[in-house]
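**Student:** sharing a model that was predicted from the sequence below.
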Amino acid sequence: MKRTLAACVLFGLSMPALATDAYSVLFKTQGDFSFVRDSLQVAIEGKGLVINHTNQIAGMLERTGKDLGATRQVFTDGEQFEFCSATSSRAMMEADPHAITLCPYIISVYTIPGDANVYLAYRKPGPTQNPALQKVLDQIETLLTEIIEEAL
């Protein structure tokens, strides 16, 4: 990952988002999961945002899978960072109080068994017919993309 990151910095390359379903935006890179995870945490905090909670998704699925009789390992590693932006969240909910369901923001970082990539993804906000809300949702999506690009 360090060499990939160095190459991106050296050549000014960015890691583009992959084509995804309408509900998510997905990025991928290669490298060490812990390094990418830590880089994501630093990128979130570097924007002045506070991580409210870290969800241990891979561990939860592993633990509960045993109780359900499931044998398939979905993730090798998988975590989600939950955080919020007071400015963006306030603007979002002033535009539409029902947009409370879109907060907090979450960025996932994970690896899949048998796949050398590390994935980073977020839930795509919108669309909406409310122009004021759409403007804020577009700004939030830009923020989430910038955080991931900075982490990569």
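**Tutor:** Received the coordinates, thanks.

**Student:** so what's the residue nearest the centre of the chain bridging to?
**Tutor:** Geometric centre of the chain, nearest residue: Ile107, 2.0 Å, by C-alpha atoms, centre = their mean. Assessed by DSSP bridges, Ile107 has beta-bridge partners Phe81, Tyr122.

**Student:** can you show me the helices along the chain?
**Tutor:** 2-11, 33-46, 57-68, 86-95, 131-151 (DSSP state H).

**Student:** ok, back up a step: pLDDT wise, what is the residue nearest to the centre of the chain at?
**Tutor:** Residue-level confidence at Ile107 comes out at 97, pLDDT.

**Student:** OK, contacts around the nearest residue to Phe75 once chain neighbours are set aside?
**Tutor:** Nearest residue to Phe75, sequence neighbours excluded (C-beta to C-beta, 6 or more residues apart in numbering): Ala58, at 3.9 Å. Placement of C-beta: from N, CA and C, glycine included. Residues in contact with Ala58 (C-beta atoms under 8 Å, 6 or more residues apart in numbering) are Val74, Phe75, Thr76, Asp77, Gly78, Glu79, Tyr110.

**Student:** swap in Glu79?
**Tutor:** Per C-beta under 8 Å, 6+ apart, neighbours of Glu79: Arg37, Thr54, Asn55, Gln56, Ile57, Ala58, Ser108, Val109, Tyr110.

**Student:** who wins for neighbours among those?
**Tutor:** Val109 (25 neighbours; other C-beta atoms under 10 Å).

**Student:** so it makes contact with Phe75?
**Tutor:** No - using C-beta atoms under 8 Å, Val109 makes no contact with Phe75, being 10.2 Å away.

**Student:** who's Thr111 bridged to?
**Tutor:** Bridge pairing for Thr111 - DSSP bridges - gives Asp77.

**Student:** give me the number of residues near it?
**Tutor:** The number of residues near Thr111, taken as other C-beta under 10 Å, comes to 19.

**Student:** which helix or strand in this protein has the lowest average pLDDT?
**Tutor:** helix 2-11 (a mean of 39; mean pLDDT, DSSP states H and E).

**Student:** low-confidence regions, the protein specifically.
**Tutor:** 1-20 (pLDDT under 70).

**Student:** repeat that for 90
**Tutor:** In the predicted model of the chain, residues 1-23, 66, 124-127 satisfy pLDDT under 90.
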